[in-house]
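1. Fold the following and give me the result.
(one chain, ligands or ions: 3)
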Amino acid sequence: MIACSCAVCTSLDFRDKRSRTSILVEINGVHLVVDSGPDFRQQILGNRINRMDALLVTHEHKDHIAGLDDVRGFNYIQHAPMPLFALPRVLDHIKVEFAYAFAEKKYPGVPQIDLIPVNTDPFKVNGIDIIPIQVMHAKLPILGFRFGDFSYITDCNYLSPESIDLIKGSQVLVLNALQREPHISHYTLEQAIEVAGEIGIERVYFTHMSHKIGTHASVSKELPKGIQLAYDGLRIEI
Ligand SMILES: [Zn+2]
Ligand SMILES: [Zn+2]
Ligand SMILES: [Zn+2]
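-> Ligands and ions are numbered 1, 2, ... in the order given. Reported below is the predicted structural model:
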């Protein structure tokens, strides 16, 4: 957090440097990125990602789309527009927020993006099966995604029984846990632990943590077996 001197913001532990939530999923050589928040460019550079086949967007909040302009780097080297999959409502927001990229007469070099609407039906990207999982982010229905045995949910404070059924059987679940105090649109640490236990996934990683939750080292001591905090640069193999 800008101008904060709390234990997390001043920590020297690399696991406490929390950039905005995003993930790259690699399956059979296909590279899918979920969300392009304000830190997208640094995340791509820092992790030396040299190919990106598609972007999936969970929802329209700025911490998940603000870095979209930088997909143009991939346009230049891949000589193709970037396919972007999201709910129709989210695509409408993107068209407004990045109007210059969708203008009739474009300035040279602006990002080229193919907007592809999805709903809650499973879909394929370059042969990879993706199951959208609708989750509630306060009153906003947004998407999480299941890729094979991996489920990924970023901004949620309610999972319906139907959504839980879609997650069940995953080997790994990533779930949001924002902070300790109640929040209008995110699970708290306590709620996330409870929900993770209910779904019964063997390996769970929490993401989308605010600095208010505490340091990686201190929170890790409180977590039940099978649950860990994710951190920037974490790699999980399934
Ligand atoms: Zn802080
Ligand atoms: Zn959000
Ligand atoms: Zn968010």
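2. I'd like the average pLDDT over the stretch of helix or strand Gln43 belongs to.
-> Here Gln43 sits within helix 40-46, counting by DSSP states H and E. Average pLDDT, helix 40-46: 98.
3. residues making contact with that helix?
-> Here helix 40-46 makes contact (Cβ atoms under 8 Å, 6 or more residues apart in numbering) with Ser19, Ser22, Ile49, Met52, Ala66, Gly67, Leu68, Asp70, Gly73, Asp232, Gly233. Where C-beta positions appear, they are placed from N, C-alpha and C, glycine not excepted.
4. go on, stretch 135-147?
-> Residues contacting stretch 135-147 (Cβ under 8 Å, 6+ apart): 25, 27, 32, 34, 56, 58-59, 61, 86-87, 118, 120, 128-134, 151-160, 163, 166-167, 170, 184-186.
5. which residues in this structure form helices?
-> For the chain, the helices defined by DSSP state H occupy 40-46, 62-65, 72-78, 88-97, 161-167, 189-199, 216-222.
6. and of those helices, who's closest to ligand 3?
-> helix 62-65 (4.4 Å; Cβ to the ion).
7. count of neighbours near Ser22?
-> Using other Cβ atoms under 10 Å, Ser22 is surrounded by 22 other residues.
8. whoops, I mixed them up, Ile167
-> If you count neighbours by other Cβ under 10 Å, Ile167 ends up with 22.
9. Can you sort out which of the contacts of stretch 135-147 also neighbour ligand 2?
-> His61, Asp155 (Cβ under 5 Å from the ion).
10. The contacts of stretch 135-147, buried ones only, as a ChimeraX selection?
-> This is the ChimeraX syntax for the buried subset of the contacts of stretch 135-147, where burial follows 16 or more other Cβ atoms under 10 Å:
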select :25,27,32,34,56,58,59,61,86,87,118,128,130,131,132,133,134,151,152,153,154,155,156,157,159,163,166,167,170,185,186
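11. which of the residues in the helix holding Gln43 are buried?
-> Phe40, Gln43, Ile44.
12. could the residues you listed go into a markdown table alongside distance to Thr10?
-> Formatted as a markdown table, those follow (distance: Cβ to Cβ, whole Å):
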| residue | distance to Thr10 |
| --- | --- |
| Phe40 | 25 |
| Gln43 | 22 |
| Ile44 | 27 |
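13. Closest one of these to His216?
-> Gln43 (17.9 Å; Cβ to Cβ).
14. Against ligand 2, how distant is that closest one?
-> 17 Å (Cβ to the ion, to the nearest Å).
15. Indicate the residue of the protein located nearest to ligand 2.
-> Residue of the chain nearest ligand 2, by Cβ to the ion: His61 (3.4 Å).
16. need the contact list for that residue.
-> Counting by Cβ under 8 Å, 6+ apart, His61 has contacts His137, Asp155.
17. what's the average pLDDT for the longest strand seen in the chain?
-> Ordering each strand of the chain by length in residues (DSSP state E) puts strand 128-137 first. When pLDDT is averaged over strand 128-137, the result is 98.
18. CA atoms only for that strand, dumped as PDB, please.
-> Included here for strand 128-137 are C-alpha records, laid out as PDB according to Å, rounded to 0.1, in the frame of the first residue of the first chain:
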ATOM      1  CA  ILE A 128      -7.600 -26.500 -23.700                       C
ATOM      2  CA  ASP A 129     -10.900 -27.100 -21.800                       C
ATOM      3  CA  ILE A 130     -12.000 -24.300 -19.500                       C
ATOM      4  CA  ILE A 131     -14.900 -24.500 -17.100                       C
ATOM      5  CA  PRO A 132     -16.100 -21.100 -15.900                       C
ATOM      6  CA  ILE A 133     -17.300 -21.000 -12.300                       C
ATOM      7  CA  GLN A 134     -19.700 -18.200 -11.400                       C
ATOM      8  CA  VAL A 135     -19.000 -16.700  -8.000                       C
ATOM      9  CA  MET A 136     -20.500 -13.800  -6.200                       C
ATOM     10  CA  HIS A 137     -18.400 -10.700  -5.500                       C
END
